[in-house]
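>>> 3D, please:
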Amino acid sequence: MKKMSVTQRIYQTGALAIVRTESFERACEIADGCIAGGVPVMEMSYTLNSAGDIIKKLTEKYGDQLCVGAGTVFDSETARHAILHGAQFIIAPNYSKEVAKICNRYQIPYAPGCTSFTEAVDSLSAGAAFIKAFPISDFYGSKLVTVFKTPIPDMPILASGGINLENIETWLQRGVDVCGIGSLLTKGTVAEITTNAEAIHTVVQKYRK
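Modelled structure (predicted):
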């Protein structure tokens, strides 16, 4: 049930903040803005050594108000570390069978980065909750979603890289399920993050209805 409920929450939100910070205080500011604006889903990047500790502290502080997971998870060791620190989902720029196994064992949604249709199908077969269209989405843009979903209309896709308030509607029109967003949801004051999150939430809800 945990995997299903978290996957559903991510899908219903339709967007998540891609966060890279070594400061718990800054992570809390980002969380406050995202929660207030209606985008209470955050990915803490494991490019920073403090990611696990921040995930644990965020989980303890916000509880059910915030859905926080781990990003840039290349291998099963990192995945298990993140899960034991409270990560509710795992996102990676690559696909790993070992990470898929760990996530299935702990019933954690996994979104691996796939660079080909074959890899995406293999990931779904291994239990991936979403296919992360990265890094190829940076080159092909939103039309990549259509390419992936033409043969498999129900392929769940998380796209990140270059999504902003000017083009998010195009991504949603083409069928992307979750938009990973960086600076709009991580830079500026809490009030500015809240305003951006509200704008993103409004556009997403238009397509969810």
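
>>> pretty sure residue 111 contacts residue 94?
No - using Cβ atoms under 8 Å as the test, residue 111 is too far from residue 94 to be in contact (11.2 Å). For every residue, glycine as well, the C-beta is placed using N, CA and C.

>>> OK, contacts around the residue of the chain most remote from its centre?
Within the chain, residue 151 marks the point farthest from the mean C-alpha position, 23.6 Å out by Cα atoms, centre = their mean. Residue 151 sits next to residue 117 when contact means Cβ atoms under 8 Å, 6 or more residues apart in numbering.

>>> just use 54 as the starting number from now, easier for me
That works, and once the first residue is 54, the last one we named lands at residue 204.

>>> still on that earlier bit, more neighbours: which of residue 164 and residue 147?
residue 164 (32 against 17; other Cβ atoms under 10 Å).

>>> Walking through this structure, point out its helices one by one.
Assigned helices in the chain, in chain order: 55-66, 77-90, 104-115, 129-137, 150-159, 170-178, 190-193, 196-202, 221-226, 243-261 (criterion: DSSP state H).

>>> possible to save the ones you listed as JSON lines with mean neighbour count, distance to residue 208 and mean pLDDT?
Formatted as JSON lines, these follow (neighbours: other Cβ atoms under 10 Å; distance: least, Cβ to Cβ, whole Å; pLDDT from 0 to 100):
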{"stretch": "helix 55-66", "mean neighbour count": "16", "distance to residue 208": "13", "mean pLDDT": "96"}
{"stretch": "helix 77-90", "mean neighbour count": "19", "distance to residue 208": "26", "mean pLDDT": "98"}
{"stretch": "helix 104-115", "mean neighbour count": "19", "distance to residue 208": "28", "mean pLDDT": "98"}
{"stretch": "helix 129-137", "mean neighbour count": "19", "distance to residue 208": "22", "mean pLDDT": "98"}
{"stretch": "helix 150-159", "mean neighbour count": "18", "distance to residue 208": "16", "mean pLDDT": "97"}
{"stretch": "helix 170-178", "mean neighbour count": "16", "distance to residue 208": "7", "mean pLDDT": "94"}
{"stretch": "helix 190-193", "mean neighbour count": "15", "distance to residue 208": "14", "mean pLDDT": "64"}
{"stretch": "helix 196-202", "mean neighbour count": "18", "distance to residue 208": "5", "mean pLDDT": "86"}
{"stretch": "helix 221-226", "mean neighbour count": "18", "distance to residue 208": "15", "mean pLDDT": "93"}
{"stretch": "helix 243-261", "mean neighbour count": "17", "distance to residue 208": "17", "mean pLDDT": "96"}
